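Student: What follows is a predicted protein model with its sequence.
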Amino acid sequence: MLPLALGVALATTAAIAAPAAPAELDIRALLDTSYKPYQVTCPTDFTWIRNATTGLSSGEQSFIAAREKITSPLISSQLTAHGLTNPPRTPTIGVALAGGGYRAMLTGLGGIMATMNGSSEAAASGLGGWLDGVTYWAGLSGGSWATGSFMANGGPLPIDLITSLWNLDSNLILPDDDKVSFYTELYTETNAKSDAGFPTQLTDLWGLAIASHVLPEQYHIGNNPNLTFSSLPSVVPALGNAALPMPIIIAAEREAGELVIAENATVWEYTPYEFGAWAFGSTTKVAGAFTSLEYLGSELNNGSANGTCWKGFDQMSFIMGSSATLFNGALLQINSSESGLLTDLIKGFLIDLGQDQYDVARIPNSFAHYNQGENPIADLEYITLVDAGETNQNIPIEPLLVPSRNVDAIVAFDSSYDSTYIWPNGTALRTTFERAKILAERTDTQVRMPEVPSENGFINGGYNTRPTFFGCNDTTTPLIIYVPSYPWSYAANTSTYQLEYSNEEATQSMLNGMRSLTLNGTVPTWPKCFACALSDRAFDYSSSNRTADCQECFDTWCWAGDDNTTTPNTYEPVIGSVPPWLITKGLSTGAAPAPGTNTSNGTTSSSSGARRKIECGATWGMFGLILVGVTGMGMVL
């Protein structure tokens, strides 16, 4: 039998939302509590805290060694196919997927699909196959959903996820189907975690919701939402044998008393092996540290276990949620007309945390009393994390700039909501550069970030319309291949807060993301130039010793160092067009959009018209809009 309290709650919820629903509830799922952490015997002879100054963890080192055996021959064959010689060592390549909700997930995975031969269009473009040469994959917010979904599902062709797994046409927060059981399961799983003594917040609810749309079905909330990030290498064979890149998901720390996140805030990262940061502190930076992800949530004091150890805190859903706390506000739409049960839970979170802390994720502080006197978080009970996009570093390249990882090239996919019509303008890269410069000047913290132009310089130079290479002759940094979303074939400038997509809209957004990297097959020289950029650092090239072919590519695609800071016109690209710079340079054939693509989003060929349609039809808005708040709470965001 159901516990009396739960039975009463179910009956109450059913009466409010759907009288016939109780007969449809999956009782087994409602009684499942697999989301909560579980207590285990503490291991002995175990390194609980690893100082960041020691470099990479043993787990990551082993993965990288195994991964290189796969990437090395692939990179060699790719370079040979483009008539290029092989470098003296295997380049380490990373990809970074920006945040921006479903928009970022779809366009980012479209960019990934451009590097997969499983797509006939990508293979024909000359870029297919490069994913097998990638070592690291970093995701943030919506990019973390892309990362988690791709990895947990074993690395499928992204477009297949739209029809075979994802349920994007059912709203994330206000689903059309099984609403009563969905809300009740959220309540059950979150309460189970709380009953185990762990902090809960809106992030738990939000993470479980997104996971039920993008993770494998067996881990949806109606089944057993117990997939942990640390278990991925054991449950996903392609990741366990290093056939996929190593995933990294990031979030930023909000320090005590802060509401606005400083651009120099601590960036925390999750990998299947560890949780931690390379540097601690905001005002003052000190060497960071890492702890085992598998045992995250265990009670540690100065790097030693207190005798109570746990597993299961690192749920994949919670980690994706902690990287995307910006979306917690969506849950504030739910009022008593939807589910009194969940409304009460949300009210409790807001009372417990404070109404100005709805967008946080709290992690038990594994670094309590560690390095006391220098460590700025030594006295904290919890590490408080928020969406790293709130630092304006919306592309998660910082983990790939860490010297210990020795990344040679980074493909940075940018689908940020930077401009009036929801297209990127380079702000994310510029913020990372400014942050790196300040850290170097004030704290002697070295971040291997090349110089980039200002926001106005990006727009005036057209660098936000097509791929650009940054750091071409600064061999102390990785070479960044910046790939902004551009409307090659579709109005992919959908609202960050659009929480449902038809399959057609999702498909076209993903295809447009792919074409932002392939340039829709209109630039015959691009595949070779892309190969030159990915391999350049492994040759220790500079303008004095590059091959003639690659130097010609760099002369074309590298940032020229200009930075026109005058105020540009409003950036409003034409949907279905070719970036003007490609035409001016005589690089593009000017080919029409691919057959079967929608260049108008059903309304207009201008991005402003598409934006008006999207924003008016968006599920919810934020920052300056009044949400349909929790009844009686008077929430205004």
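Tutor: Cool, the structure landed.

Student: Would it be right to say that residue 555 lies in a helix?
Tutor: Yes - Residue 555 forms part of a helix when assessed by DSSP: H, G, I helix; E, B strand; the rest coil.

Student: which one is residue 575 nearest to, not counting chain neighbours?
Tutor: Nearest non-adjacent residue to residue 575, counting by Cβ to Cβ, 6 or more residues apart in numbering: residue 487, 4.2 Å away. Quick note: C-beta positions are derived from backbone N, CA and C, even for glycine.

Student: Look up phi and psi at that neighbour.
Tutor: Per-residue torsions, residue 487: phi -80, psi 70 (degrees, to the nearest 10).

Student: tally of neighbours for residue 473?
Tutor: For residue 473, the neighbour count with other Cβ atoms under 10 Å is 15.

Student: Surely it is in contact with residue 545?
Tutor: No - counting by Cβ atoms under 8 Å, residue 473 sits too far from residue 545 to count as a contact (11.3 Å).

Student: State the number of residues packed around residue 37.
Tutor: A count of nearby residues for residue 37, using other Cβ under 10 Å, gives 23.

Student: Give the phi and psi angles for it, as a check.
Tutor: Backbone geometry at residue 37, expressed as degrees, to the nearest 10, gives phi -60, psi 160.

Student: give the contact list for it.
Tutor: 193, 196, 198, 297, 310, 311, 312, 313 (Cβ atoms under 8 Å, 6 or more residues apart in numbering).

Student: could the residues you listed go into JSON lines alongside neighbour count?
Tutor: Shown next, in JSON lines, are the contacts of residue 37 (neighbours: other Cβ atoms under 10 Å):
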{"residue": "193", "neighbour count": "21"}
{"residue": "196", "neighbour count": "18"}
{"residue": "198", "neighbour count": "18"}
{"residue": "297", "neighbour count": "23"}
{"residue": "310", "neighbour count": "22"}
{"residue": "311", "neighbour count": "19"}
{"residue": "312", "neighbour count": "24"}
{"residue": "313", "neighbour count": "24"}
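
Student: Switch those residues over to JSON lines; also include secondary structure, distance to residue 525 and pLDDT.
Tutor: Below are the contacts of residue 37 laid out as JSON lines (DSSP: H, G, I helix; E, B strand; the rest coil; distance: Cβ to Cβ, whole Å; pLDDT from 0 to 100):
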{"residue": "193", "secondary structure": "helix", "distance to residue 525": "54", "pLDDT": "95"}
{"residue": "196", "secondary structure": "coil", "distance to residue 525": "58", "pLDDT": "95"}
{"residue": "198", "secondary structure": "coil", "distance to residue 525": "54", "pLDDT": "95"}
{"residue": "297", "secondary structure": "coil", "distance to residue 525": "52", "pLDDT": "96"}
{"residue": "310", "secondary structure": "strand", "distance to residue 525": "54", "pLDDT": "97"}
{"residue": "311", "secondary structure": "strand", "distance to residue 525": "51", "pLDDT": "97"}
{"residue": "312", "secondary structure": "coil", "distance to residue 525": "51", "pLDDT": "97"}
{"residue": "313", "secondary structure": "coil", "distance to residue 525": "49", "pLDDT": "98"}
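
Student: Put together TSV for those, with distance to residue 362 on each row.
Tutor: Putting those into TSV (distance: Cβ to Cβ, whole Å) gives the following:
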residue	distance to residue 362
193	12
196	14
198	9
297	11
310	15
311	18
312	16
313	11
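
Student: Could you list the low-confidence segments of the stretch 101-250 of the chain?
Tutor: 177 (pLDDT under 70).

Student: those helices in it, which residues are they?
Tutor: 101-113, 120-125, 142-152, 158-164, 179-195, 202-214, 232-235, 237-240 (DSSP state H, counting those that start in this stretch).

Student: how about these, which one is nearest residue 534?
Tutor: helix 101-113 (14.1 Å; Cβ to Cβ).

Student: any idea of the angle that closest one forms with helix 142-152?
Tutor: 50 degrees (axes from the mean of the first three to the mean of the last three Cα atoms, to 10 degrees).

Student: tilt between helix 101-113 and helix 202-214?
Tutor: Using the same axes, to 10 degrees, helix 101-113 lies at 50 degrees relative to helix 202-214.

Student: pretty sure residue 157 contacts residue 119?
Tutor: Yes - taking contacts as Cβ under 8 Å, residue 157 lies within contact range of residue 119: 6.2 Å.

Student: Which one's more surrounded, those two?
Tutor: Between residue 157 and residue 119, counted using other Cβ under 10 Å, the more crowded position is residue 119 (23 against 16).

Student: For the more buried one, grab phi and psi.
Tutor: When read as degrees, to the nearest 10, the backbone of residue 119 gives phi -90, psi 120.
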